[in-house]
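Enquirer: Quick one, what's the 3D model for this:
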Amino acid sequence: MLLAQTKMNFVWYLFRDGEMMFWALAMPIFFLVLFSFAFGFGNTTQASAFLVPGLIGAQVLTLGFFGVGVMLAQFREQKVLRRIYLTPLPPWVFFAALVLYRLSLLAFQASVLALAGSILFHVRFTGHPLDMIVMLAIGALTFVSLGTVVGAVTRTAESANNLASVLTVPLAFLSDAYIPLDRFPSAVSAPLHLLPSTQFIDALRGVTTGGEPLAHFTVWIAFLLCWALGGMLLSARIFRWV
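Expert: Numbering: from 1, shown residues only. Presented below is the predicted three-dimensional model:
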């Protein structure tokens, strides 16, 4: 049932909306090229090595808040959730298939972005592949959990989209995704390290282009898992099917 539902997600969302997939792939590459030249100051390779993990991290945020949160609100508004709830399909299969579909797209998007950075700017990924996969999975778990809270507290797709935008933009731009936090005053940068986006992107950058082992980020991973657990518990308590 899980594989069949995941396949239907691909058929319905991906193949019926190829334009969305094109922009989901094209825009991160556009930002990579633009910011690498804008912030590189003659060293585009170093700038791109900083930006690639940040852009992948921003895609993970989008996966959670828009790909899951907004979609759940849209399903509720269109009475899809109610119809699914009344079918023999177990609720966990529905959620798992939706997350699996989004994770598959994320893996493809991250691979394309990493390949673009490697070809265009000679970025080297020195970390262990398994560490990269584990870190991406932890980040996806965290922000999918927080995204379900967005889908649970909002009644319409429009309000979910607004809330997701309010969360995604600050979390991306006030973390290490695009601009290094060391360029901010210490009084500002210190609290920004408490954001889950900063913790995730710093750890992801460390295990991809920094060549650091996953064990160096045990504290950040513990914080991210706490965010994920909190999001799951809260959404399970307040989520409504109708």
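Enquirer: ranges for the helices of the protein?
Expert: 2-9, 18-40, 44-62, 71-77, 80-86, 91-121, 129-153, 157-173, 186-192, 196-208, 218-238 (DSSP state H).
Enquirer: Give me the below-cutoff pLDDT ranges for the chain.
Expert: For the chain, applying pLDDT under 70 flags the ranges 14-21, 23, 40-42.
Enquirer: Repeat the analysis, applying 80 as the threshold.
Expert: With pLDDT under 80 as the threshold, the chain has low-confidence stretches at 9-26, 38-43, 182-186, 188, 242.
Enquirer: Which residue lies nearest the spatial centre of this protein?
Expert: Central residue check for the chain by C-alpha atoms, centre = their mean: the C-alpha nearest the mean position is that of Val60, 0.9 Å away.
Enquirer: Give the closest residue to that one in space, chain neighbours not counted.
Expert: For Val60, ignoring the flanking residues on the chain, the nearest one in space by C-beta to C-beta, 6 or more residues apart in numbering is Gly139 at 4.7 Å. C-beta here means a position set from N, CA and C on the backbone, and glycine is covered the same way.
Enquirer: what does Met8 give?
Expert: The spatially closest residue to Met8, leaving aside those adjacent along the chain, is Ala97, at 7.8 Å (C-beta to C-beta, 6+ apart).
Enquirer: For that neighbour, which residues are in contact?
Expert: Going by C-beta atoms under 8 Å, 6 or more residues apart in numbering, Ala97 touches 2, 5-6, 8-9.
Enquirer: rerun at 10 Å
Expert: For Ala97, the contacting residues are 1-10, 89, taking C-beta atoms under 10 Å, 6 or more residues apart in numbering as the criterion.
Enquirer: And Leu171, by the same measure?
Expert: Leu171 sits next to 57-58, 61, 65, 143, 146, 177, 192, 195-198, 200-201 when contact means C-beta under 10 Å, 6+ apart.
Enquirer: at 7 Å instead, please
Expert: With contacts defined as C-beta atoms under 7 Å, 6 or more residues apart in numbering, the neighbours of Leu171 are 61, 195, 197.
Enquirer: would you turn those residues into JSON lines with neighbour count?
Expert: Output for the contacts of Leu171, formatted as JSON lines (neighbours: other C-beta atoms under 10 Å):
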{"residue": "Leu61", "neighbour count": "27"}
{"residue": "Leu195", "neighbour count": "19"}
{"residue": "Ser197", "neighbour count": "27"}
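Enquirer: Export the residues you listed to a markdown table and append columns for distance to Ser104.
Expert: Putting these into a markdown table (distance: C-beta to C-beta, whole Å) gives the following:
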| residue | distance to Ser104 |
| --- | --- |
| Leu61 | 18 |
| Leu195 | 27 |
| Ser197 | 22 |
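Enquirer: Which of these sits closest to Pro213?
Expert: Closest approach to Pro213 among the contacts of Leu171 (C-beta to C-beta): Ser197, at 21.9 Å.
Enquirer: Quick check: the gap between that closest one and Ala203.
Expert: When C-beta to C-beta, to the nearest Å is the yardstick, Ser197 and Ala203 sit 11 Å from each other.
Enquirer: just Ala137 next, same as before
Expert: When distance is defined by C-beta to C-beta, Ala137 is 12 Å away from Ala203.
Enquirer: So Leu214 sits against Met132, correct?
Expert: No. Proximity of Leu214 to Met132 does not meet the contact threshold set by C-beta atoms under 7 Å, at 9.0 Å.
Enquirer: Can you check which residues contact both of the two?
Expert: Taking C-beta under 7 Å, 6+ apart as the contact definition, Leu214 and Met132 share the neighbouring residues Val207.
Enquirer: and the closest residue to Asp176 other than its chain neighbours, what is it in contact with?
Expert: Distances taken as C-beta to C-beta, 6+ apart put Ile201 closest to Asp176, at 4.9 Å, once the chain neighbours are dropped. Contacts were defined as C-beta under 7 Å, 6+ apart; by that measure Ile201 touches 53-54, 57, 175-177.
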